[in-house]
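# Model the structure of this input:
(2 chains)
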Amino acid sequence: MENPYIPMPMNVVQITTEVDTNDIKTFRLTFVNPEDEKKFKYLPGQFGELSIFGKGESPIGIASSPTDPGYVEFTVQRTGTLVGGLVTTALHDLEEGAQIGLRGPLGNSWPIDFLAGKNVVVVGGGFAFTTLRSLINYMIHPENRKRFGDITVVYGARTPGLLLYKDEMAAWQKRKDLVMHVTVDRGDANWKGREGFVPTVCKEVAPSAKNAVTVICGPPIMIKFTLPVFFDLGFSRENILTSLEMRMKCGIGKCGRCNVGNKYVCKDGPVFSLAQLEQLPRDY
Amino acid sequence: MLKKIAIDQFSELVKALLEQGLLYAPVKGTDGVNFRAIQNPADVTLDYYNTVLSPKAVFFPQSEDLIRYRIKKDTPEAQPVPLENRPAVILGVRPCDVRSFEIMDRHFLGAGVIDPYWKSKRDSTTVIGFAFDVNAAADPADFYNTFGYGAADPEGSDVFMIRADGNLLLRGMTDRGEKLLASLGCLQAGDARDEKAFDETVKKGKAVRTRSAEINDKEIAKKLVDIFDNGEFWQKVTMACIACGACTFVCPTCYCFDISDETLFKEGARKRFWDACTFTDFTLEASGHNPRPRIFQRYRQKVCHKYSYHVDKYGCISCVGCGRCIRSCPVNIDIFGIVVEAGKL
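Below you'll find the model as predicted:
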């Protein structure tokens, strides 16, 4: 019998500090056992349980794309708060060469087949950009690019130093098959890009709702003000997608923790359309 | 087949069961009567109304090691704990509690993911159900009639046991139960009179009245979602709740658990523990956001989960009316009363 609670051993091969506050790092992991790698078939939007024995497990979205085989990446914020942070702190203290555990891939994914043939507007705020990065890299991969229509990305952070994946963003900005709008709430002396909140930028960019889907991830306050912009642009509730945050433990729909209405966010989600979310009790 | 043994020979039956493997049976302790792994046959009691804690712990222990590990500098050594699959018997499960196993099966074995810890113990365990005393009144907290269960319903047990005159009568209800009975040399074959006594007890059990109400699964499931935002109702019915979680710990169908690592020096275990949706930090996220910071929101989750979400997901209410949560509640909250009242809104 397959035991879904047992993590796979993973090598930490690369650790990248993403932001100038040093509390967000990207961990590149490779599989210790080749058979684990063969079984690990994932899509953008899924997550994994990162595991450090003695500390515990943490559910983290997969930041890499399956189109880049050989490794899996997770971008992790250290949450040194009173409510936890044991695992993320331990992860941040790791050095390259360490071994950790991983369970996954878990949850549903961004609905690739639903997105195919449509224009995709990706909206991200701050640290919540990780599985969106996975989605973008998936869509712009040479084998996949023609399956999708126009790709528009609006990504914002509070300050330039808090933008993730800076090198990759710079490469995306040079592409012809992707329109990037990077914004910060407040620039600094070196910032030459756009300033303004994500909802405002979405309003200015005003992507057409025609045959379009928007995929939105960010802090609740950003989502709250961004949704009306997309309503005004004519996006239907079925075509507004997000990834729900909820405390999790098992990640496989057994422990009951992430239960909202008749859904388990870890298994039935984390990706939901706004239409689906509106069917659920406001309990998240 | 029907077998029997004189009640004063009961310890012979316990001994015979112990020879077959693990045995879980009711034991009287300072904390009341509860199911325990039996070492000494004399510890088993048949003198109880129902156990304080439900029998779920036999399949889903309050604390269970999943993985044992040894911390080293870079590469930890970790070994999954072998699944418990020694043959076992659980003796003395009341009819309503037997039904709880089927409800838990839908969750732990369903929805596309099998929980190996639940499954291995469930597969290797024979359930001997035990009728309530059909000549006595039901506990006022009980409401298992609501779900159509009688005080002596044998369905769901592998072997069902009743008391009749000075005997214990045991009927095999499944192949596994029949096999167990056939292997127990201390039992005598029952005769036609015993058959009659058994059937009459089952029938009499149907007449034992607990509290009861017409609760339609689908209707209550929808109703609870409809009144989800009726904060006034939820606050009124949960005003006394102190979020102690006792109701969830004694419940035969509450399955929420936590997973946590416990380390002593360099060695430790990843364990799972019973948890409770009524606890303050159950849904507290690392960001500090807590979707259910107030007690009424958490108790509402408990009621809605059992009577609404579980119906949607698994096709049945996740409650058997055993009355434990009501008997154990320090502030007399009555889930039956709450559901009935909700149904009237």
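
# Assign the residue most central in space within chain B to helix, strand or coil.
What sits nearest the mean C-alpha location of chain B, by CA atoms, centre = their mean, is residue B:252, with 2.7 Å. When classified by DSSP: H, G, I helix; E, B strand; the rest coil, residue B:252 comes out as coil.

# so it touches residue B:97, yeah?
Yes - with contact defined as CB atoms under 8 Å, residue B:252 reaches residue B:97; the gap is 5.3 Å. Heads up, the C-betas are built off the backbone N, CA and C, glycines and all.

# what is in contact with the two at once?
Residues touching both residue B:252 and residue B:97 comprise B:54, B:55, B:320, B:322, with contact defined as CB atoms under 8 Å, 6 or more residues apart in numbering or on different chains.

# Determine which two of those residues are furthest apart.
Maximum pairwise distance among these (CB to CB): 11.2 Å, between B:55 and B:320.

# Quick check on these two: which one has the bigger neighbour count.
Neighbour count, other CB atoms under 10 Å in any protein chain shown: between residue B:55 and residue B:320, residue B:320 has more, with 27 against 24.

# I'd assumed residue B:144 was in contact with the more buried one.
Yes - using CB under 8 Å, residue B:320 is in contact with residue B:144, at 6.0 Å.

# which residues are common contacts for the two?
In contact with both residue B:320 and residue B:144: residue B:96, using CB under 8 Å, 6+ apart.

# which one's the longest helix in chain A?
helix A:220-233 (DSSP state H).

# Next: chain B.
Assignment by DSSP H gives helix B:192-207 as the longest helix of chain B.

# Report whether whichever helix or strand comes after it contacts chain A.
Once the chain leaves helix B:192-207, the next helix or strand it forms, by DSSP states H and E, is helix B:217-226. Yes - contact of helix B:217-226 with chain A (CB under 8 Å from any CB of the partner chain) involves residue B:225.

# what's residue A:283 in contact with, if anything?
Residues A:260, A:261, B:228, B:291, B:292, B:297, B:301 are the ones in contact with residue A:283 under the rule CB under 8 Å, 6+ apart.

# List the contacts of the first one.
Looking back up the chat, that one is residue A:260. A:244, A:246, A:280, A:281, A:283, A:284, B:291.

# could these go into TSV alongside distance to residue A:198?
Below are the contacts of residue A:260 laid out as TSV (distance: CB to CB, whole Å):
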residue	distance to residue A:198
A:244	18
A:246	22
A:280	24
A:281	27
A:283	26
A:284	21
B:291	23
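
# Scan these and report the most crowded one.
Neighbour max across those (other CB under 10 Å) = residue A:284, 23 neighbours.

# Doesn't residue B:233 lie inside a helix?
Yes - Residue B:233: assigned to a helix according to three-state DSSP.

# What's the per-residue pLDDT of it here?
Per-residue pLDDT puts residue B:233 at 97.

# just to confirm, which helix or strand has residue B:66 in it?
Per DSSP H and E: strand B:63-70 holds residue B:66.

# what does that strand rub up against?
With CB under 8 Å, 6+ apart as the criterion, strand B:63-70 contacts A:5-6, A:53-54, B:76-81, B:117, B:259, B:261, B:266-274.

# roughly how far is that strand from the heart of the chain?
Chain-centre distance of strand B:63-70: 24 Å, with CA atoms, centre = their mean, to the nearest Å.

# can the helix or strand just after that strand be found next to chain A?
The helix or strand immediately downstream of strand B:63-70 is strand B:77-80, counting by DSSP H and E. Yes - shown here: strand B:77-80 in contact with chain A (CB under 8 Å from any CB) through B:78, B:80.

# And strand B:77-80, what's buried?
Across strand B:77-80, burial judged by 16 or more other CB atoms under 10 Å in any protein chain shown covers residue B:78.

# Which neighbouring elements make contact with the helix or strand following it?
If you walk from strand B:77-80 toward the C-terminus, the next helix or strand you reach (DSSP H and E) is strand B:88-93. Applying 3 or more CB pairs under 8 Å, 6 or more residues apart in numbering or on different chains; DSSP states H and E, we find strand B:88-93 packed against helix B:10-20, strand B:22-29, strand B:125-130.

# okay, now residue 215: neighbour count?
In the absence of a named chain, chain A is used. 25.

# nope, chain B please
For residue B:215, using other CB under 10 Å, the count is 20.

# isn't it right up against residue B:145?
No - using CB under 8 Å, residue B:215 is not in contact with residue B:145, being 10.9 Å away.

# Which residues of the stretch 101-250 of chain A lie near chain B?
A:101, A:220, A:245, A:246, A:247, A:249, A:250.

# Look at residue B:299 and tell me its secondary structure.
Of the three states, residue B:299 takes helix under three-state DSSP.

# buried subset of the contacts of strand B:63-70?
Buried, going by 16+ other CB under 10 Å: A:5-6, A:53-54, B:76, B:78, B:81, B:117, B:259, B:261, B:268-272, B:274, out of the contacts of strand B:63-70.

# all helices for chain A, in order.
Under DSSP H, chain A gives helices at A:34-39, A:86-92, A:112-115, A:130-139, A:166-174, A:198-205, A:220-233, A:265-268, A:274-277.

# Pick the most buried one from the ones you listed.
helix A:130-139 (a mean of 26; mean count of other CB atoms under 10 Å in any protein chain shown).

# And the contacts of that helix?
By CB under 8 Å, 6+ apart, helix A:130-139 touches A:43-47, A:60-68, A:74-75, A:110, A:112, A:115, A:120, A:122, A:124, A:144-145, A:147-148, A:151, A:153, A:155, A:164-165, A:168, A:172, A:178, A:215, A:217, A:243.

# can we see that at 6 Å?
With contacts defined as CB atoms under 6 Å, 6 or more residues apart in numbering or on different chains, helix A:130-139 is touched by A:44-45, A:61-63, A:65, A:67, A:75, A:110, A:122, A:124, A:148, A:151, A:165, A:217.

# Equivalent analysis for stretch A:207-224, please.
Under CB under 6 Å, 6+ apart, the answer for stretch A:207-224 is A:115, A:118-125, A:128, A:132, A:152, A:198, A:226, A:230, A:233-235, A:239-243.

# From these, list just the buried residues.
Buried by 16+ other CB under 10 Å: A:115, A:118-125, A:128, A:132, A:152, A:198, A:226, A:230, A:233, A:235, A:239-243, out of these.
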